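>>> what shape does this take:
(chains A and B)
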Number of protein chains: 2
Amino acid sequence: MMMKLTFLGTSSGTPTRHRNVSGLAVQTVLGADWFLIDCGEGTQHRVLQTPLSLNDLAAVCITHVHGDHCYGLPGLLASAGMGKRTKPLKLIAPLPVWQWFEATRALTDLHLPYEVEHVDLEEQQLVYEAPGVRIERHALLHRVPSHAYRVQVETRRVRLKADALRAVGLPPGPAWRVLQSGEDVPFDGGVLRSADFADTQVDTAAAVVGGDNADPALLRDACKGVQLLVHEATFTQDALDKVGPGPMHSSARLLAEFAQSAEVPNLILTHFSARHQNEEGMAALMAETQAHYRGHAFLANDLDTYELDSAGNVTVSRG
Amino acid sequence: MMMKLTFLGTSSGTPTRHRNVSGLAVQTVLGADWFLIDCGEGTQHRVLQTPLSLNDLAAVCITHVHGDHCYGLPGLLASAGMGKRTKPLKLIAPLPVWQWFEATRALTDLHLPYEVEHVDLEEQQLVYEAPGVRIERHALLHRVPSHAYRVQVETRRVRLKADALRAVGLPPGPAWRVLQSGEDVPFDGGVLRSADFADTQVDTAAAVVGGDNADPALLRDACKGVQLLVHEATFTQDALDKVGPGPMHSSARLLAEFAQSAEVPNLILTHFSARHQNEEGMAALMAETQAHYRGHAFLANDLDTYELDSAGNVTVSRG
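Sure, this is the predicted structure:
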């Protein structure tokens, strides 16, 4: 797998008996570091039900300031501190979320044994970069500023042409590792060039994870070349028509039509209204999606994990 | 029963897989109104596992500002709002908790369809009063100002002396209800006095619920006449000796010795350190308690309910 997503909450607004509010853990093939997109109340409780460690959490990315997407933040960061975390943590979030976290720290006697570094969404599009990982934010449309995160993972595997190296008379040894790392090697009065003796295979996988959003088409650029879109579908179209445009959420139909037109091969729906959280409601959401989208569609449940491989295939394990 | 306590969290500091952080629901025989003492993150999730409705919540009483006792407040109040609550709610809490709630409301676009009225602990000892219910706060000793709540419930049953009324010639009817309500009734040119024809039986039950506290003996006055004390026993005495006095918590031994000397007949221990949250740890806490206390001792688990009757008996249903 290139990327592994674990849903920590799939309910909109309030928790229900079987679904928590928003939280999504993103792991990559590159190592133990993982990313948390949104952190509704009770996210740390869901993390306890997974093998994830708060010590390996590299960054928290908050999509917007509404409580069902951020009220779990102080408790999760406090628990990481009580777990003796010392590694700095990036908090990628709109400014009001940061201000709220600072107010919380000041007013509730919260002392963390590690640094929390705020990355302000408004100031840059590339909000996180580490070897092999890039996270960008893309603006959405909601009652407050809301964003999607585009997570891209890249792996490079360098394979030496062993037969060719033996043919020129260089036996396996330290010089092979130098060539594999991309550097040239002096040899026999001349130079062996890495480019001649090493093949590099680059694999990438990319997923877009939306926050609350009334207009999926805003993600057209962000979705170019991605294998997977995770997006809210709070309502069926019928329910959305009855509720009206005030809450500024998407229907399964709106989302499916966009995903079809953007040719995204895999689509995971989440953030379901409590009214749809029964067998009938889920069947209606899926039927509406499949009527407008011909890719692979999934309805997320809490603790489901989705693995995305380098060929763009998604496999799901139900939690 | 006079009072019913449901434990919504029994772990100190951080949630664990089987215990949430602090929260305790108090119901009374008087009606649907209930009281929440402390509201750690995930309290609303625990409430979903009980028959309690957020619409009937009369007051939230916070013992102190530490996150494991109050980080669930914004989410619980938000969910009550999304549940269309309109009844005002009292928030009985130290000032910083109120300031934090106000900051949360301002920064996270939180709009509640009901009023939240702050009752400042520092300003009065009697923090809540309604017909039959009195809640007082009592100061404790912790790293930040911390309080216990003493909840007293009183019922009055008036029984008319039916034979005596028939003997003077007043048949059952509206006048009987007037006499039962405590008022006198004109009759046969004179007056029938309620006091002569009605017997009033008054039952009371009282419980003290502590916040974090290094010195249980501070509750000596508060515990006079109470049938039940609920108090933290974060550590065994051995563990407390190793941890040292810095965290300012109680051991089972400290608590048991106090409860014995104060002659409290029922004692529920809660707020356990994760290190004791296994069979061996629980057995050690109970053994230590019973070595120093001869009343009825209980170790709380999440979703346990304890009913206190007017005779001072406690019956427990495991959650």
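
>>> what's residue A:113 sitting at in phi/psi?
Per-residue torsions, residue A:113: phi -80, psi 20 (degrees, to the nearest 10).

>>> which strand or helix spans the closest residue to it other than its chain neighbours?
Of all residues not flanking residue A:113 in the chain, residue A:81 sits nearest, at 5.3 Å (C-beta to C-beta, 6 or more residues apart in numbering or on different chains). Quick note: C-beta positions are derived from backbone N, CA and C, even for glycine. Assigned by DSSP states H and E, residue A:81 falls within helix A:73-82.

>>> so the residue nearest to residue A:113 sits against residue A:114, correct?
Yes - using C-beta atoms under 8 Å, residue A:81 is in contact with residue A:114, at 6.7 Å.

>>> who's more crowded, the two?
More crowded of residue A:81 and residue A:114, by other C-beta atoms under 10 Å in any protein chain shown: residue A:81, with 19 against 15.

>>> chain B contacts on chain A?
Residues of chain A found near chain B, taking C-beta under 8 Å from any C-beta of the partner chain as the criterion, are A:13-17, A:20-21, A:40-42, A:44-45, A:48-49, A:65-68, A:70-72, A:74-75, A:78-79, A:82-83, A:96-97, A:99-100, A:103-104, A:107-110, A:143-144.

>>> so which of these are in strands?
Using DSSP state E to define strands, no part of the residues of chain A next to chain B is located there.

>>> show me which of the residues you listed are buried.
A:13-16, A:20-21, A:40-42, A:44-45, A:65-68, A:70-72, A:74-75, A:78-79, A:96-97, A:99-100, A:103-104, A:107-108, A:110 (16 or more other C-beta atoms under 10 Å in any protein chain shown).

>>> restricted to helices, list those residues.
A:44-45, A:67-68, A:70, A:74-75, A:78-79, A:96-97, A:99-100, A:103-104, A:107 (DSSP state H).

>>> quick one, what contacts the closest residue in space to residue A:2 that isn't next to it in sequence?
In this structure, residue A:2 finds its nearest non-sequential neighbour in residue A:205, 3.6 Å apart by C-beta to C-beta, 6+ apart. Residue A:205 makes contact with A:2, A:3, A:152, A:153, A:227, A:308, A:309, A:310, A:312 under the criterion C-beta atoms under 8 Å, 6 or more residues apart in numbering or on different chains.

>>> for the residues you listed, which one is nearest chain B?
residue A:3 (26.6 Å; C-beta to the nearest C-beta).

>>> which residues in the stretch 201-319 of chain A form strands?
A:228-232, A:266-270, A:296-299, A:305-308, A:314-317 (DSSP state E, counting those that start in this stretch).

>>> please parse chain A into its domains.
Domain assignment for chain A by automatic domain parsing gives A:3-156+A:201-317, A:158-199.

>>> so which of the ones you listed is the most surrounded?
domain A:3-156+A:201-317 (a mean of 20; mean count of other C-beta atoms under 10 Å in any protein chain shown).

>>> how far away is the nearest residue to residue A:312 once chain neighbours are set aside from residue A:311?
In space, and not counting its chain neighbours, residue A:312 is closest to residue A:227: 3.9 Å by C-beta to C-beta, 6+ apart. Noted for residue A:227: a distance of 9 Å to residue A:311, by C-beta to C-beta, to the nearest Å.

>>> same question for residue A:187.
38 Å.

>>> ditto for residue A:213
On the measure of C-beta to C-beta, residue A:213 and residue A:311 end up 28 Å apart.

>>> same thing with residue A:117?
For residue A:117, the distance to residue A:311 - C-beta to C-beta - is 35 Å.

>>> now residue A:103
Residue A:103 is 46 Å from residue A:311, where distance means C-beta to C-beta.

>>> now do the helices in the stretch 101-250 of chain A.
A:162-168, A:174-180, A:194-197, A:237-243 (DSSP state H, counting those that start in this stretch).

>>> export those to CSV and tack on distance to residue B:54 and mean pLDDT?
CSV is the format used below for these (distance: least, C-beta to C-beta, whole Å; pLDDT from 0 to 100):
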stretch, distance to residue B:54, mean pLDDT
helix A:162-168, 68, 93
helix A:174-180, 61, 93
helix A:194-197, 65, 93
helix A:237-243, 22, 97
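
>>> any chance of the ones you listed in JSON lines, plus distance to residue B:253?
Formatted as JSON lines, these follow (distance: least, C-beta to C-beta, whole Å):
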{"stretch": "helix A:162-168", "distance to residue B:253": "70"}
{"stretch": "helix A:174-180", "distance to residue B:253": "61"}
{"stretch": "helix A:194-197", "distance to residue B:253": "69"}
{"stretch": "helix A:237-243", "distance to residue B:253": "57"}
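
>>> tell me the contacts of residue A:93?
With contact set as C-beta under 8 Å, 6+ apart, residue A:93 has these partners: A:60, A:61, A:62, A:70, A:101, A:118, A:119, A:120, A:121.

>>> which residue packs closest to residue A:87, ignoring adjacent ones?
Per C-beta to C-beta, 6+ apart, closest to residue A:87 is residue A:114, 6.0 Å.
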